[in-house]
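Trainee: sequence first, then the predicted structure, then my questions.
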Amino acid sequence: GADNDFVKIHNNHITKNGGAGGVGGGVSIYAGTQVYDVSSNYICGNFSAGHGGGIGHQGSSNRGVIAGNTVIFNQSFNQGLNVSGGGIFVGGQAPIVAGTLSPGSGNVTVSGNLVQGNQAGAGDGGGIAAQFVNGSAIVPAPNNESTWYRLVLENNMVVNNLAGMAGGGIS
């Protein structure tokens with residue numbers, strides 16, 4: 001992992017940024033960023049050709065919090081790929097070897113955000129998208145859900161988002 005633990009991104013105005021690949025046009029969180037906090041930011045008008053136009057979380061980063069942000073008018077779009085999460089994307093890395101499991105995303109809480117007017121133009125989850133939250137973490141205890149990773153979505157306002165595929169609000 002990246003070993004970028006305890007990162008705090010708060011009280012910022014993050015607008016009009018873009019990314020040609022990867023995740024997160026405005027804010028990018030990658031594997032190895034344990035116990036991060038992205039809170040009280042204004043994230044508007046960002047673009048990603050990958051997942052997560054506004055905020056992107058990719059890979060295993062446990063105990064992340066995305067809270068109290070205004071995530072508006074961001075877009076993920078790539079005509080050649082199914083990219084998701086116009087506003088916020090939370091996902092584990094895709095499996096490296098076909099037929100195996102993702103390492104998952106880690107536990108992430110998305111709470112008290114305004115997610116409005118975002119677009120996943122060629123994918124799922126115009127407002128919020130989740131993918132590969134669990135994977136190999138299930139193998140040691142397939143019948144014990146308390147050991148699996150959790151994505152908690154609570155107290156968010158997800159309104160007027162658009163997806164080219166499915167889940168205009170949440171996928």
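Mentor: Yep, it's here.

Trainee: give the contact list for the residue nearest to residue 123 when sequence neighbours are not counted.
Mentor: Excluding the flanking residues, the one nearest residue 123 by CB to CB, 6 or more residues apart in numbering is residue 84, at 3.8 Å. Every residue, glycine included, has its C-beta placed from N, CA and C. By CB atoms under 8 Å, 6 or more residues apart in numbering, the contact set of residue 84 is 51, 76, 120, 123-125, 129, 131, 163, 165, 171.

Trainee: 6 Å instead, please
Mentor: Going by CB atoms under 6 Å, 6 or more residues apart in numbering, residue 84 touches 51, 120, 123-125, 129.

Trainee: what of residue 103?
Mentor: Residue 103 sits next to 60, 92, 135-136 when contact means CB under 6 Å, 6+ apart.

Trainee: pull out the buried residues from the residues you listed.
Mentor: Among those, those classed as buried by 16 or more other CB atoms under 10 Å are 60, 92, 135.

Trainee: so which of those comes closest to residue 26?
Mentor: Nearest to residue 26 among the buried ones among the contacts of residue 103 is residue 92, at 20.6 Å by CB to CB.

Trainee: look up how far residue 45 lies from that closest one.
Mentor: 28 Å (CB to CB, to the nearest Å).

Trainee: over to residue 17?
Mentor: Residue 17 is 8 Å from residue 45, by CB to CB.

Trainee: out of the contacts of residue 103, which is nearest to residue 21?
Mentor: residue 92 (17.7 Å).

Trainee: residue 15 versus that closest one, what's the distance?
Mentor: 28 Å.

Trainee: which of the three states applies to the residue of the chain most remote from its centre?
Mentor: Ranked by distance from the centre of the chain (CA atoms, centre = their mean), the top residue is residue 143, with 26.4 Å. Assigned with DSSP: H, G, I helix; E, B strand; the rest coil, residue 143 falls in the coil class.
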